[in-house]
Structure formats: structure tokens, C-alpha cells
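**Q** sequence below, structure please.
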Amino acid sequence: MVRSLTIKVNKTKLAKELGVSRSSLYYKRIREETDLELKRQIEAVMVDHKDYGHKRIALDLRMGHNRIRRVMKKYGLKPYRRRFNRFIKKKDIGKAPTGIPNLVKPLLEGKLIVKPNQVWCTDFTYIKYQGKFIYMATIIDLFTREIVGVNISRFHNRFLVVGALEDAVIHYGVPEIVHSDQGSEYDSEDFVAFVKIIGAKISMSDKGSPWQNGHQESFFGHFKQEAGDLNRFKMLGELIEYIYQQVYYYNNKRIHSVLKMKPSEKRKRHTV
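**A** The predicted model follows:
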């Protein structure tokens with residue numbers, strides 16, 4: 001009979017020999033998830049205050065400015081700054097570093113979004129629940145302001161965002177443009193391929209510019225503010241049911257401040 005050999009490692013001694021802290025020897029997924037959630041909160045502030053630096057954002061969120069600065073630096077979030085004009089090739093105007101153009105920016109500036117399913121914007125957010133995170137991806141129609149697609153998962157990856165787009169296509173048809181930020185989930189082969197398969201054009205915001213996808217960030221901000229403490233739900237299923245109820249309320253019961261009507265009513269008025 002062969003017995004397995006177990007070797008006990010003194011982590012304090014090992015950390016000292018490696019010249020690192022003892023805590024660094026542990027895999028800290030929770031820190032990364034917390035940073036990602038704070039990133040979303042920072043982006044939500046930058047939607048309304050795109051010129052805010054880390055100190056003003058810290059005041060808005062009532063957090064330490066060093067923590068805000070660290071997370072902004074980690075994810076490349078920068079406030080809007082006016083710059084002097086410089087020479088730019090015409091073919092590069094409006095293109096993200098990925099080579100995918102921002103098709104929505106000129107439409108918004110020219111007020112050319114005039115019908116449902118013309119432009120869908122997509123994003124996802126992190127919801128802290130019982131010490132863990134779940135992820136909610138949504139699709140919003142920029143004309144009607146409806147949440148047309150939702151997907152909830154324990155993981156944030158390409159399947160999360162593709163699932164939200166599938167949900168939207170099943171219930172609302174095919175859009176002309178699908179717009180997102182430059183997250184790796186949206187730059188994945190699966191997501192880009194699915195957008196092309198359904199016959200839509202893909203569009204992306206400039207890197208580090210969350211205000212260019214501000215409608216989604218604004219929705220997430222209001223959703224979390226109204227939701228309050230989600231730990232009141234004992235079961236995950238109860239929380240998921242609540243999320244879908246809130247989306248239904250947002251689309252069909254709540255008067256949108258910009259539209260002056262319910263989002264679903266806006267669609268009905270412009271559906272031939």
C-alpha cells in the first residue's frame with residue numbers, strides 16, 4: 001500500500017524567502033471582483049460628470065480618493081479633457097483602437113436616431129449578493145429606452161453578453177446597430193460573429209470613455225439605487241425574479257423622464 005506524501009509549507013517563512021507579503025500567496029478573486037464593481041460605480045459617475053477626476057469622483061461616491069485613483073489607473077479610466085486639434089487621418093476618425101468604428105456618436109450628435117431597433121446598446125454590471133457577485137447583461141434600445149434583452153449569470157464572459165443579445169433578438173427582432181464598450185467580452189469572436197450573423201453592424205465606444213455608452217450606465221445606476229440591499233432575498237431565484245420584475249416595471253410602468261412616457265408606449269407609437 002502506497003501512502004501519499006503531504007508536505008506542509010510554512011507560508012510565513014516562504015513569503016519571507018520570496019520577499020513578498022504572506023497574503024500575496026493566496027488567490028484573491030474577491031479583490032478583483034470588488035475592483036470591477038467599483039469600476040462600474042466610477043463609470044456611472046463619469047456618465048453624468050465626464051470631466052471629474054479621481055478626487056471629485058471620490059467625493060461623489062464618499063470613498064477615499066487613493067482607492068478611486070488606483071482603480072481608475074488599473075482600468076484606464078480617464079476624465080474628459082479638452083485638447084488642441086491635431087492632425088488625424090480621415091480614415092481613422094471615429095474608430096476604436098480595435099478597428100471597430102463608433103457608429104453611434106455621429107447619430108447622437110445629429111439626433112438621427114429616429115426609430116425602434118435602429119441602435120441597441122449593451123453592457124453588463126456586477127451585483128453583490130451574499131458575499132458573492134452575479135452578473136447582469138442588458139440591451140437597451142436607444143430610441144424607446146426599453147431594456148430589450150437581459151441575461152443573468154454567475155460568470156462574466158462572452159456567454160453572458162451573447163445571451164443578452166439572443167434574448168433581445170428573440171423578443172424584439174434584429175437591430176441595425178449593436179453598440180458596446182471595448183470590454184473583452186464584446187470584442188470576443190463569439191459576440192462579434194453573432195452580431196454579423198443576425199445582420200447587424202457592430203459599434204464600439206472609444207477606450208476609457210464610459211460616457212459614450214451612458215444610457216446603459218445610467219440605467220444600472222438607477223437600478224442599484226432603487227434596489228437597495230439585495231441580501232434581503234434568501235434565495236438566488238428570488239433575486240433573479242425581482243430583477244426581471246424591475247425590468248418589466250421600467251419598460252411598462254415607469255414614465256421615462258426624457259421620453260415623458262413609458263418606454264413600451266414609445267415603441268407602440270412608432271411601430272407600423
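
**Q** next, count neighbours for residue 241.
**A** Neighbour count for residue 241, taken as other C-beta atoms under 10 Å: 12. Every C-beta, even on glycine, is put in place using the N, C-alpha and C of the backbone.

**Q** actually residue 145, not the one I typed
**A** The burial count for residue 145: 22, using other C-beta under 10 Å.

**Q** contacts only, for it.
**A** Counting by C-beta atoms under 8 Å, 6 or more residues apart in numbering, residue 145 makes contact with 215, 256, 258-259, 263, 266.

**Q** rerun at 6 Å
**A** By C-beta atoms under 6 Å, 6 or more residues apart in numbering, the contact set of residue 145 is 256, 263.

**Q** relative to residue 45, how far out is it?
**A** Residue 145 sits 21 Å away from residue 45, going by C-beta to C-beta, to the nearest Å.

**Q** residue contacts, residue 100?
**A** 202, 204.

**Q** I misspoke; the intended subject was residue 252.
**A** residue 264.

**Q** same check, this time on residue 54
**A** Contact partners of residue 54, counting by C-beta under 6 Å, 6+ apart, are 65, 68-69, 72.

**Q** return the member of those residues nearest to residue 50.
**A** Closest to residue 50 out of these is residue 72 (13.1 Å), distances taken as C-beta to C-beta.

**Q** what's the neighbour count on the closest one?
**A** 22.

**Q** rewinding a little: quick one: buried ones out of the contacts of residue 54?
**A** Buried positions within the contacts of residue 54, assessed by neighbour count (16 or more other C-beta atoms under 10 Å), are 68-69, 72.

**Q** please, which helix or strand holds residue 244?
**A** Following DSSP states H and E, one finds residue 244 within helix 236-252.

**Q** may I see the buried residues of that helix?
**A** So, applying 16+ other C-beta under 10 Å, buried residues of helix 236-252: 239-240, 243, 246-247, 250-251.

**Q** what's the offset of the helix or strand residue 66 falls within from the middle of its chain?
**A** Assigned by DSSP H and E, residue 66 belongs to helix 65-75. How far helix 65-75 lies from its chain's middle: 18 Å, per C-alpha atoms, centre = their mean, to the nearest Å.
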